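Student: curious how this folds, go ahead:
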Amino acid sequence: MDIKTTIVNSLSAVLADELNNTEIKNLLEVPKSSKLGDYAFPTFILAKSRHQAPQKIAQELVEQLDHEPYEKIEATGAYVNFFLNKGNFAEATLQTILTSGDQYGDSQVGQAGNVPIDMSSPNIAKPMSMGHLRSTVIGNALANIYKKIGYQPIKINYLGDWGTQFGKLIVGYHKWGSEAEIKEDPIGNLLKYYVHFHEAAEKDPELDDEGRAWFKKLEDGDPEATHLWEWFRGLSLAEFQKIYDRLGIEFDSFNGEAYYNDKMDPVVDELKAKNLLQESRGAQIVDLTDENLTPALIKRSDGATLYITRDLAAATDRYNKFHFAKSLYVVGSEQTEHFKQLKAVLKKMGDDWSDDIIHVPFGLITKDGKKLSTRKGNVVLLDKVLDEAVDLAKQQIAAKNPDLAHADQVAHQVGVGAVIFHDLKNDRLDSFDFSLGEVVRFEGETGPYVQYSNARAQSILRKAKREVNLDDVLNLADPNAWDTIKYLADFPAMVLRAANEYEPSVIAKYALRLAKTFNKYYANSKILVEDDQLNARLALVKATSQVLQQSLALLGVQAPDEM
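Tutor: Next up is the predicted model:
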């Protein structure tokens, strides 16, 4: 029951020779006042080709259109205003939602195509910070959204488990660490060694050479370097998993950069065979001047590989495994140049499937206006933020609903949900400065507000003590319900829009609007009144709860029945 589609189809029947469906849809507007209709079509664009005044065109279109699906269609100046048949539309919308259940909004756009999603990707031996949250929750939401429209998402946690930083960490461990310290606090002490290394290296640049030498040993299979790397990696994964469990996020693969250590030579050999490699100051590069990009550095002068070398191997491996419909990389916007280089090199290699690689960038979370940096010790630990959010939820529950059953479980759902929703309600390209009070805020446009709106709907349904009868009247005539009905009908279009724009905030903002309109309806209409409209009102409440729950689920946020 997509309202826009209904109107587009009506207009297309008389404008097919002048505008296509997409053009018509993009022109539709929502009037400032509902007295002017539910949607309006401006006719200015037709004036030049028809050699007529827009007002005249609007009047002619009203005469030509099929009025049957609508309450009325009228011309107001240059606009064709559509008034939907509220009762019929409400009945059709509620019937569709309640009959479809959790499948409401599903589609087969993806035709079961594989979509690997490179997401989260924390660095081994470092704690997960708020900076890691963005890639993790944006990637998870996109996986949920793409699954709903018929794709097969494959969530890949491309761990940062290879590179020069491990050589530096080994040096730091040898100089300042101990096995006992590591066992006592694995990530905390590994981070301490890493930060200490960088502080010391500023005074003694030769430390960087030591770090590079140890990484070269690791690449060459040195037993001690390999043992330490495996130890650090295992400890880190165990700590990461605790956070993923709290967030309710699972992965299909934890193949990180190290997985491709023995898969890079074929890529380098192919680059050589295709005469794409050039030597520059002893290093091996691919010249991308014709793409207006800086050269892609494939191998350093000491023979060590780089991030892009592994990414080339990873991209090729993923295509060979999955023959993907598209491959998403949910990585910060500061890596935009890197992904342009990656696609350009693959294109030069003749891999046209590189066109289906899509970088999904996002803005930074800063602290006091500065970028979060593990190297400089400027981090906001994610597990601490989650702890704070859950504690605040517990305080709110104790104050407002001390007898709530399963209070600890609900506090977890609300607290963690607040953190996830706060991130996803922002347009992903927007950066924002970290404020704990803002992140875990429960009032206003927040996840807990949407959760509470669903819990309120569930409470009404419990109090009704009766099931909605889909064979009874669903023709809801209450004008206070109209905005909620329209938003409910918009859900499938919102899911498609979120997928097309790689933008989970579309769903978060939709959920907020739906919650607001429902709460306004609840405040202005008595729902549990025994009359011939009770079943229709309960249908609206149930449909709203269902769509709010689906919206939250797409974002990776749970929806408690009571709060």
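Student: how many other residues sit next to K520?
Tutor: For K520, the count of nearby residues is 14 (other C-beta atoms under 10 Å). (C-beta placed from N, C-alpha, C; glycine too.)
Student: pretty sure it sits against W482.
Tutor: No. K520 is beyond contact range of W482, at 10.9 Å (criterion: C-beta atoms under 8 Å).
Student: what pLDDT does A16 get?
Tutor: You'll see A16 listed with a pLDDT of 93.
Student: swap that for K376, sorry
Tutor: Here the pLDDT value assigned to K376 is 63.
Student: before we move on, what about K32?
Tutor: Confidence score, pLDDT, at K32: 88.
Student: buried residues, stretch 302-315. List them.
Tutor: Neighbour counts using 16 or more other C-beta atoms under 10 Å place A304, T305, L306, I308, T309, R310, D311, L312, A313, A314, A315 of stretch 302-315 among the buried residues.
Student: check contacts around the second one.
Tutor: What that stands for is T305. By C-beta atoms under 8 Å, 6 or more residues apart in numbering, T305 lies in contact with E219, M264, I298, K299.
Student: equivalent analysis for the fifth one, please.
Tutor: T309 is in contact with M264, V267, V268, I298, K299, counting by C-beta under 8 Å, 6+ apart.
Student: quick check: domain ranges of the protein?
Tutor: If you go by automatic domain parsing, the domain ranges for the chain are 3-84, 114-262+306-371, 400-555.
Student: let's have the ones you listed in CSV, adding distance to S100.
Tutor: Below are the domains of the chain laid out as CSV (distance: least, C-beta to C-beta, whole Å):
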stretch, distance to S100
domain 3-84, 16
domain 114-262+306-371, 12
domain 400-555, 9
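Student: for V379, which of these is the nearest?
Tutor: Closest of the domains of the chain to V379 is domain 114-262+306-371, at 4.4 Å (criterion: C-beta to C-beta).
Student: for that closest one, the averaged confidence score.
Tutor: 95.
Student: what's the distance between F44 and E279?
Tutor: In this view, F44 and E279 are 60 Å apart by C-beta to C-beta, to the nearest Å.
Student: right, I mislabeled it, should have said A47
Tutor: Distance from A47 to E279, by C-beta to C-beta: 62 Å.
Student: compare those two (neighbour count), which wins?
Tutor: A47 (15 against 10).
Student: surely that one touches E60?
Tutor: No. Under the criterion of C-beta under 8 Å, A47 is not in contact with E60, lying 12.0 Å apart.
Student: before we move on, back to that, adding distance to L538, write the contacts of T309 out as CSV.
Tutor: Formatted as CSV, these follow (distance: C-beta to C-beta, whole Å):
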residue, distance to L538
M264, 61
V267, 60
V268, 65
I298, 64
K299, 67
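Student: residues contacting T136?
Tutor: T136 sits next to M119, S120, Y244, L247, I249 when contact means C-beta under 8 Å, 6+ apart.
Student: doesn't the last one lie inside a strand?
Tutor: No. Counting by DSSP: H, G, I helix; E, B strand; the rest coil, I249 is not found in a strand; it is coil.
Student: would you map the strands across the stretch 301-450 of the chain?
Tutor: Assigned by DSSP state E, counting those that start in this stretch, the strands in the stretch 301-450 of the chain fall at 327-330, 357-360, 365-367, 370-371, 432-433.
Student: for the chain, that is, sorry about that
Tutor: Under the criterion DSSP state E, the chain contains strands at 39-42, 70-76, 79-84, 114-119, 152-157, 277-280, 283-286, 296-299, 327-330, 357-360, 365-367, 370-371, 432-433.
Student: what's the neighbour count on K274?
Tutor: Close neighbours of K274, defined as other C-beta under 10 Å, add up to 12.
Student: and what of A498?
Tutor: Residues near A498, counting by other C-beta under 10 Å, number 26.
Student: next one: the one 5 residues further on
Tutor: Residues near E503, counting by other C-beta under 10 Å, number 21.
Student: now swap in the one 4 residues further on and tell me
Tutor: Counted with other C-beta under 10 Å, the burial measure for I507 works out to 26 neighbours.
Student: with D531 instead?
Tutor: Per other C-beta under 10 Å, the neighbour tally for D531 reads 9.
Student: repeat that for S459.
Tutor: S459 has 15 neighbouring residues, counting by other C-beta under 10 Å.
Student: cool, and D408?
Tutor: D408: 12 surrounding residues under other C-beta under 10 Å.
Student: tell me the pLDDT at the nearest residue to it once chain neighbours are set aside?
Tutor: Nearest in space to D408, with sequence neighbours left out and distances taken as C-beta to C-beta, 6 or more residues apart in numbering, is K394 at 7.3 Å. If you check K394, the pLDDT there is 95.
Student: just checking, K394 touches A411?
Tutor: Yes. Counting by C-beta under 8 Å, K394 touches A411, with 4.4 Å between them.
Student: now the strands of the chain as CSV including distance to N401?
Tutor: Converted to CSV, the strands of the chain look like this (distance: least, C-beta to C-beta, whole Å):
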stretch, distance to N401
strand 39-42, 41
strand 70-76, 43
strand 79-84, 39
strand 114-119, 35
strand 152-157, 35
strand 277-280, 66
strand 283-286, 61
strand 296-299, 57
strand 327-330, 37
strand 357-360, 39
strand 365-367, 32
strand 370-371, 39
strand 432-433, 31
